[in-house]
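Enquirer: Fold the following and give me the result.
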Amino acid sequence: MAFFNNNWDPTQDSTSTATPEPVVEPASIPEPVVEPEPVSPPDIPETTDVDPEPEVKPRHKPRPRPSRRVKEKPSLKEIRSVLAAYRLLDDEDFSGLLARLTGAKDEGEKVERILADEWSAAIKTIRELQADPTDMTRLVQVIKLQEKNPDLVKQVVKLLAVLADDESLKWTGAELDVAQTVSTVAPLVDVDRVKGLA
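Expert: Now for the predicted structure:
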């Protein structure tokens, strides 16, 4: 392979043994040496343990299957408590008081109200107030009860209104007036008329 010589003259014989003149390149300005900047690897987000396939949601919700509930028979204890509650309705006074107190109209509703045991705390409170001999200590007890449990005071007032057959007794109004009314009326009523609710 022959090298290309810029100084070649076609008149000269290529087979001559003359030494060629050295090739002189024109003077050039040296270029500044620029070091290449280090190349950092491209930012690749860290991969997390994510499934590459998206979750496929069903088009409709599957219907829940009805559970096969076995109809349970009432226990002997439950049967006895229902019968005992039903026997309490034989007392016409009790049945009438229960109807006025709860608004229950038929015997089934009345038995349900008796078994609900909604009034036992109110009856217990009235009995505790009756056991206290002085009006002042009863008043203090009712004021403390109003602070702790105002709903119980409402039940006590409602029960006192039915037992005293006085619809003017209200739990609304000034707290001191309500407390004074309760402490005054509580010793006058017969709680045993509704002992079936306790």
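Enquirer: alpha carbons only for contacts and neighbour counts from here, please
Expert: Fine.
Enquirer: tell me the contacts of R65?
Expert: Neighbour list for R65: empty [criterion: Cα atoms under 8 Å, 6 or more residues apart in numbering].
Enquirer: how about the helices in this structure?
Expert: 76-88, 92-102, 107-116, 120-131, 135-148, 150-163, 175-185 (DSSP state H).
Enquirer: For this structure, give me the ranges with low pLDDT.
Expert: 1-58, 62, 66-67, 69-70, 171-172 (pLDDT under 70).
Enquirer: related to what we said a few turns ago, with distance to H60 and mean neighbour count added, can I get the helices of the chain in a markdown table?
Expert: As requested, the helices of the chain are arranged in a markdown table below (distance: least, Cα to Cα, whole Å; neighbours: other Cα atoms under 10 Å):
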| stretch | distance to H60 | mean neighbour count |
| --- | --- | --- |
| helix 76-88 | 43 | 13 |
| helix 92-102 | 47 | 17 |
| helix 107-116 | 42 | 17 |
| helix 120-131 | 50 | 18 |
| helix 135-148 | 51 | 16 |
| helix 150-163 | 47 | 20 |
| helix 175-185 | 57 | 19 |
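Enquirer: of all those, which lies closest to K195?
Expert: Closest to K195 of these is helix 120-131 (Cα to Cα; 7.8 Å).
Enquirer: Can you add distance to L169 and give the helices of the chain back as a markdown table?
Expert: Shown next, in a markdown table, are the helices of the chain (distance: least, Cα to Cα, whole Å):
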| stretch | distance to L169 |
| --- | --- |
| helix 76-88 | 27 |
| helix 92-102 | 13 |
| helix 107-116 | 23 |
| helix 120-131 | 15 |
| helix 135-148 | 15 |
| helix 150-163 | 5 |
| helix 175-185 | 8 |
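Enquirer: Of the ones you listed, which is nearest R59?
Expert: helix 107-116 (45.5 Å).
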